[in-house]
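A.B. asks: Would you be able to build a 3D model of this:
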Amino acid sequence: MRIIGAHSETVAGNLHACGMKFSLPGCPCQCLHLAPVTEEIIVDEQGRPEPPLAADETGMLLGFLEWQRATFAWKTGRLDTAGLSAKIADSTMTLGGMLKHLAYVEEYWFGEILHQRARGLPWSAQDWQADPNWDWDSAAGDSPGEIYRLWQDEVKRARADVAEALADGGMDQAAKRPLSDGRAPNLRWIICHMIEEYARHNGHADLIRESIDGQTGE
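C.D. replies: Predicted coordinates:
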């Protein structure tokens, strides 16, 4: 565990795109602060910034989402094609499929639902009715670099989408595209759902990763 010293920044007109109340060196969203912030950042041995203990609602929810994302990156990282294709027991799940699935989930909830954006590539080029599990199944034909890059790019876009919604209406910002039953979740609901989505798959990833190289941990 290491602690990055407390610091304060103010950059007018720039939103911290990952939603956190701090910027780590090399922050993947290359973001800046909206307002002065002074606090210590605890980063564990895997490079995960721990969620804040006493933040406001936005900082707390996004802190836990970033923790889950960082855990997923750790559990699925630094693997070759064989590792990303490994399965356990009778399950069809692979870490490669999980990466591609969560890339799609990021795009779907933060892009298509929250902002009603048109579905982008590679998602828009697929016949989802013919293969509803295309995101999982197609990963076997992708290289590790392609899979990692796809997930990282979608996370980066999702962070920017969250920043835009926070600036426009905060956690109460309603999704621009309603669900199939006509109801529209707000940003708060979507973030809670994404925390649940990552937490569930992190449990799957933990078991698969241990079967590959023995790596375990919280």
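A.B. asks: Quick check, I195 in contact with F64.
C.D. replies: Yes. Using Cβ atoms under 8 Å, I195 is in contact with F64, at 5.4 Å. Quick note: C-beta positions are derived from backbone N, CA and C, even for glycine.
A.B. asks: What are the boundaries of the helices in this protein?
C.D. replies: All helices of the chain, identified by DSSP state H, fall at 57-76, 81-85, 95-106, 114-115, 134-137, 144-169, 187-213.
A.B. asks: Among these, show me which one is buried the most.
C.D. replies: helix 95-106 (a mean of 24; mean count of other Cβ atoms under 10 Å).
A.B. asks: Tell me which residue lies nearest the centroid of this structure.
C.D. replies: The chain has R69 as the residue nearest its centroid, 4.5 Å off, counting by Cα atoms, centre = their mean.
A.B. asks: where's that residue relative to D142, distance?
C.D. replies: Separation of R69 from D142 (Cβ to Cβ, to the nearest Å) stands at 20 Å.
A.B. asks: Also S91?
C.D. replies: Distance of S91 to D142, given as Cβ to Cβ: 19 Å.
A.B. asks: same question, F64
C.D. replies: As for F64, its distance to D142 is 29 Å (criterion: Cβ to Cβ).
A.B. asks: go on, H115?
C.D. replies: 26 Å.
A.B. asks: do the same with L65
C.D. replies: As judged by Cβ to Cβ, L65 and D142 stand 25 Å apart.
A.B. asks: cool, and E66?
C.D. replies: Computed with Cβ to Cβ, the distance linking E66 and D142 is 25 Å.
A.B. asks: and if you look at L102?
C.D. replies: Counting by Cβ to Cβ, the separation of L102 from D142 is 14 Å.
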